[in-house]
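1. Give the three-dimensional model of this entry:
(2 chains)
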Amino acid sequence: MSTRLSPLRAPGAPATRRTPRGRALLGRLDRRFLPVVGTLLTLVVMLGVGQQRYSTARADFLSMRLLSNLLLDNSYLLVLAVGMTFVVLAGGIDLSVGAVVALVGLVTAKLFTAGVPLPVVLVVGVLIGTCCGSVIGVMVQVFDIQPFIASLAVMFLARGLANVVSTNSLKIDDPGFSALASWSLKFGEGRETWRINASMLIALAVLLLAVYVLHYTRFGRSVYGLGAGDRGAAVELMGLRPARTRIGVYIVSGTCAGIAGLLFALYTKSGFNLTGIGMELDAIAAVVIGGTLLSGGVGFVLGTGAGVLVYGLIQVLIAREGLDSWYTRVFIGVVLLAFVALQKLVAIRRE
Amino acid sequence: MSGPSKGADPSALLRRATQHGLVWPVLALVVLLLACGLKSPGFLDVATRDGNLYGQLVDLLRNSATPLLLALGMCLVIATGGIDLSVGAVMAMSLAVSLTYLAGSGDPAAPANVVVAVGLGLVLGLAVGAFNGFMVTSLGIQPFIATMILMVAGRGVAMLITQGQITTVTSAPFKSLGSGFLGGIPVPVVIAAVVFVLVALVVRRTALGMFLESVGINREASRLAGVKARSTTWTVYVIAGLLAALAGIVYGAPTMAADANNIGLLKELDAIMVVVLGGTRLDGGRFHLGGLVVGALLLSTLERAVIVFELPSQTTPLFKAVVLIAVCVAASPALRSRLRSRRTAPRRPAPVEVAA
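-> Coordinates of the predicted model:
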């Protein structure tokens, strides 16, 4: 299909030369950005509704405080979703990330009780994720096992290992870790207070790094190329390395899951074997809402960032509305449906 | 042909045997059962009490019923090149609907009410299946994402049905769907066996099975050849939804508690695992129903073996992972062709890829 041709050009790259028929070009660009535009529109509508319904005389709904809280509560999800974006763009899927988050949290807690110093624990935590990702990558690339099933196996593996470490919630009371968790910069006064903490900074750094890697490097170009189909033949013809890239995206996703595991441990100051059940779906949902096509090859990692905000905002709105928390899942399903339908619409118009 | 010895070459026989998809799962099943038998001497005994069969093996069969029901639907969906992630949530929803109706009816023990309750659960499964089928066929959404929508939202819907509570009912007829006996055999086993035979007859004695496979291999080609790809695909999602609803009722009946958060949690993954263990590749186009029985038995034997060996039951996923990885890698064509090319390296030309 010819629909897959345009996304090969990374969006950060300079636009193709301006033809006299600039409007046609603009039209084409528009359509490629349409899913992301949809995400942004949704975000704006949700913020508008929130501003309308929940602003009080003393404080606006729409504030730095809201944004800061969204990032605070969803920093781990942002990191997970960024990793997932790589895999999905390359036409794969990674179901293991939720289990990896649980495993990393528990191992971290266990290492702290064993008296291992903070830097070592942090590195080990991230490396656990990297290892899990590598196992998936090797299974997918070398043994030609479907990504779905390979990551499912690693999900079971990580979940089982987490249960071996402990089936109880382990509290983390390492002073260094606690200091890291409670460190924050405070801005504003009274009800307008908002803050920046370590998790947010790490999550944003991961996001920016991902933008750079996906849109300005050879690896990023190969990721888009792999997702375009034909089993990486086009990528190979371009002189890029499909095998290495395919393993690479799972390593990226695993590493992100490792980082997210640490962030989640920072957030809860504990490790627990039941964390992260369904978290992989939250991550996939954020990626889809963010405008990345699950068939691969089309999408932007910044869109994923917006997707995470939409996801977090749904929870905020439902809490403010006083609805029970299970409405969250129904609403996320509805939003997911809307975005998938939108993606379909875009694809049809392209043809 | 090319080996040094001809005729009844045991190594060739062995090679042919190991290439059959089911050899590894069956082997694993036998080894596990023997290991359990050695570890716990009474494991393989089957006794009759009041004319009903009792014993660990019978429990094992009973536990295999739910994964088998789920895997049957999943297998047909996978054969068309799709996947159904919503089955776990459908289990929760159907049980929620059934039990909520029973709790609201005046007499939960009345057989008529139980029939209606089960019927409602099944209708819900049918509706969910139809919705999935609509999204996959009419909207053309990838099956993975189309069914993920209900996987995410379905559990929320189940919570809405039970209003966030764990609905409990006492109703002997309903309970017997999960823990009763029929002619000495546990009811879930009877249900699973009947459904299995029905599905097997439908897909193997009518053209439906061939249609499924042709759609899975090449949707467009089969459409051009006159197969109604759309209605075929639709049918399999409806069957999968229906069977998932049935599985939910059978699974939840013994406890009679609709716990929307936990019923059927991650069961879709178990179902996929059973399909894979049963030798069906996830790419679609070909499926083996017989393998599902082996896969379901292997899954529940694995779960049981963890308990027999006095390992913490929470470590079950670890062993599931090991078995899954081992079976996948052993069955992976990549590994096979690698081994084969090593064995006959000098004579064998590079494998020719057939253009898709």
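
2. Report the separation between the residue in the stretch 101-250 of chain B positioned nearest to chain A and B:Ala89.
-> Going by CB to the nearest CB, chain A is nearest to B:Ala153 of the stretch 101-250 of chain B, at 2.4 Å. Yep, even glycine has a C-beta here, placed from its N, CA and C like the rest. To B:Ala89, B:Ala153 is 8 Å away according to CB to CB, to the nearest Å.

3. ditto for B:Leu182
-> 29 Å.

4. of the two, who's got more company?
-> Applying other CB atoms under 10 Å in any protein chain shown to B:Leu182 and B:Ala89 shows that B:Ala89 carries more neighbours, namely 31 against 13.

5. who's in contact with that one?
-> Counting by CB atoms under 8 Å, 6 or more residues apart in numbering or on different chains, B:Ala89 touches B:Leu150, B:Met151, B:Ala153, B:Gly154, B:Arg155, B:Val157, B:Ala158, B:Gly264.

6. Any idea how many residues pack against B:Arg219?
-> Considering only other CB under 10 Å, B:Arg219 is surrounded by 18 other residues.

7. Was I right to think the residue of the stretch 101-250 of chain B closest to chain A contacts A:Val334?
-> Yes - the pair B:Ala153 / A:Val334 is scored as a contact, 6.9 Å apart, by CB atoms under 8 Å.

8. For B:Leu85, which three-state class applies?
-> coil (DSSP: H, G, I helix; E, B strand; the rest coil).

9. so who does it touch?
-> B:Phe144, B:Thr147, B:Met148, B:Met151, B:Glu268.

10. my guess is the fourth one contacts A:Asp282, does it?
-> Looking back up the chat, that one is B:Met151. No - with contacts counted by CB under 8 Å, B:Met151 stays clear of A:Asp282, the gap being 11.7 Å.

11. if I look at A:Ile251, how far off is B:Gly291?
-> With distances taken as CB to CB, A:Ile251 is found 33 Å from B:Gly291.

12. whoops, B:Cys75 was the one
-> Look at B:Cys75 and B:Gly291: by CB to CB, they are 8 Å apart.

13. More neighbours: the two, which one.
-> Taking other CB under 10 Å, B:Cys75 and B:Gly291 do not tie; B:Cys75 has more neighbours (27 against 23).

14. Helix or strand: which one has the more buried one?
-> According to DSSP states H and E, B:Cys75 maps onto helix B:56-79.

15. Could you do A:Ile196 as well?
-> Taking DSSP H and E as the criterion, A:Ile196 maps to strand A:194-197.

16. quick one: contacts for the closest residue to A:Gly92 other than its chain neighbours?
-> In space, and not counting its chain neighbours, A:Gly92 is closest to A:Pro147: 3.8 Å by CB to CB, 6 or more residues apart in numbering or on different chains. By CB under 8 Å, 6+ apart, the contact list for A:Pro147 reads A:Val87, A:Gly92, A:Ile93, A:Asp94, A:Ile136, A:Val140, A:Tyr250.

17. For those residues, which single residue is the most surrounded?
-> A:Asp94 leads the contacts of A:Pro147 on contacts (other CB under 10 Å) with 35 neighbours.

18. Do I have it right that that residue meets A:Met279?
-> No - with contact defined as CB under 8 Å, A:Asp94 does not reach A:Met279; the gap is 11.5 Å.

19. Name the residues contacting each of those two.
-> With CB under 8 Å, 6+ apart as the test, A:Asp94 and A:Met279 reach no residue in common.

20. For the stretch 151-300 of chain B, just list every one of the strands.
-> Along the stretch 151-300 of chain B, counting by DSSP state E, counting those that start in this stretch, strands occupy B:167-168, B:181-182, B:185-186, B:257-258.

21. what helices or strands is the third one leaning on?
-> So the one you mean is strand B:185-186. helix B:56-79 (3 or more CB pairs under 8 Å, 6 or more residues apart in numbering or on different chains; DSSP states H and E).

22. now do the first one
-> Of the remaining helices and strands, those touching strand B:167-168 by 3+ CB pairs under 8 Å, 6+ apart are helix B:87-104, strand B:257-258.

23. Point out the most buried one among the ones you listed.
-> With neighbours taken as mean count of other CB atoms under 10 Å in any protein chain shown, these reach their highest mean count in helix B:87-104, at a mean of 28.

24. Over it, what's the mean pLDDT, rounded is fine.
-> Mean per-residue pLDDT for helix B:87-104: 94.

25. got it, and stretch A:89-100?
-> Mean predicted confidence for stretch A:89-100 is 93.

26. Quick check: end-to-end length of it?
-> Distance between the two ends of stretch A:89-100: 21 Å, counting by CA to CA, to the nearest Å.

27. Residues contacting stretch A:162-182, please?
-> Contacts for stretch A:162-182 (CB under 8 Å, 6+ apart): A:99, A:102-103, A:106-110, A:112-113, A:118, A:121, A:198, A:265-267, A:269-273, B:312, B:314-315, B:317-318.

28. which ones among those residues are found in strands?
-> A:Ser270, A:Gly271 (DSSP state E).

29. If any of the contacts of stretch A:162-182 are buried, give me the ChimeraX selection for them.
-> In ChimeraX, a selection of the buried entries from the contacts of stretch A:162-182 looks like this (16 or more other CB atoms under 10 Å in any protein chain shown):
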select /A:99,102,103,106,107,108,109,110,112,118,121,198,265,266,267,270,271,272,273 /B:314,315,317,318
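
30. which residues sit in contact with the residue of the stretch 251-351 of chain A found nearest chain B?
-> The nearest approach of the stretch 251-351 of chain A to chain B comes at A:Gly333, 2.4 Å away (CB to the nearest CB). Contact analysis of A:Gly333 by CB under 8 Å, 6+ apart lists B:Ile149, B:Leu150, B:Val152, B:Ala153, B:Gly154, B:Gly156.

31. So what's the residue count around residue 181?
-> Defaulting to chain A. Quick note: A:Ala181 (other CB under 10 Å) scores 19 neighbours.

32. To clarify, I was referring to chain B.
-> 18.

33. Report pLDDT for the residue nearest to it when sequence neighbours are not counted.
-> Excluding its sequence neighbours, the residue lying closest to B:Phe181 (CB to CB, 6+ apart) is B:Asn52, at 4.3 Å. On the pLDDT scale, B:Asn52 is placed at 83.

34. Touching, B:Asn52 and B:Gly184? I think so.
-> Yes - at 5.1 Å, B:Asn52 counts as touching B:Gly184 under the criterion of CB under 8 Å.

35. Could you tell me how many residues sit around residue 131?
-> If you meant another chain, say so; for now it's chain A. There are 16 residues near A:Cys131, going by other CB under 10 Å.

36. That was the other one, I meant chain B.
-> Count around B:Phe131 with other CB under 10 Å applied: 18.

37. Just confirm it is within a helix.
-> Yes - under three-state DSSP, B:Phe131 falls within a helix.

38. Look up the closest residue to it, ignoring the ones flanking it.
-> In space, and not counting its chain neighbours, B:Phe131 is closest to B:Leu150: 7.0 Å by CB to CB, 6+ apart.

39. Can you verify my assumption that A:Arg65 contacts A:Gly188?
-> Yes - counting by CB under 8 Å, A:Gly188 is a contact partner of A:Arg65 at 7.2 Å.

40. Check the contact lists of the two and give me the overlap.
-> A:Trp194.

41. Of these two, which one has the most company?
-> The neighbour comparison of A:Arg65 against A:Gly188 (other CB under 10 Å) goes to A:Arg65, with 18 against 13.

42. measure that one to chain B for me?
-> Separation of A:Arg65 from chain B (CB to the nearest CB, to the nearest Å): 28 Å.

43. For that residue, which three-state class applies?
-> helix.

44. show me the contacts for the closest residue to it other than its chain neighbours.
-> In space, A:Arg65 comes closest to A:Trp194 once its chain neighbours are excluded; the distance is 4.3 Å by CB to CB, 6+ apart. In this structure, A:Trp194 makes contact with A:Ser63, A:Met64, A:Arg65, A:Leu67, A:Ser68, A:Asn69, A:Lys186, A:Phe187, A:Gly188, judged by CB under 8 Å, 6+ apart.

45. Sweet, I'm off.
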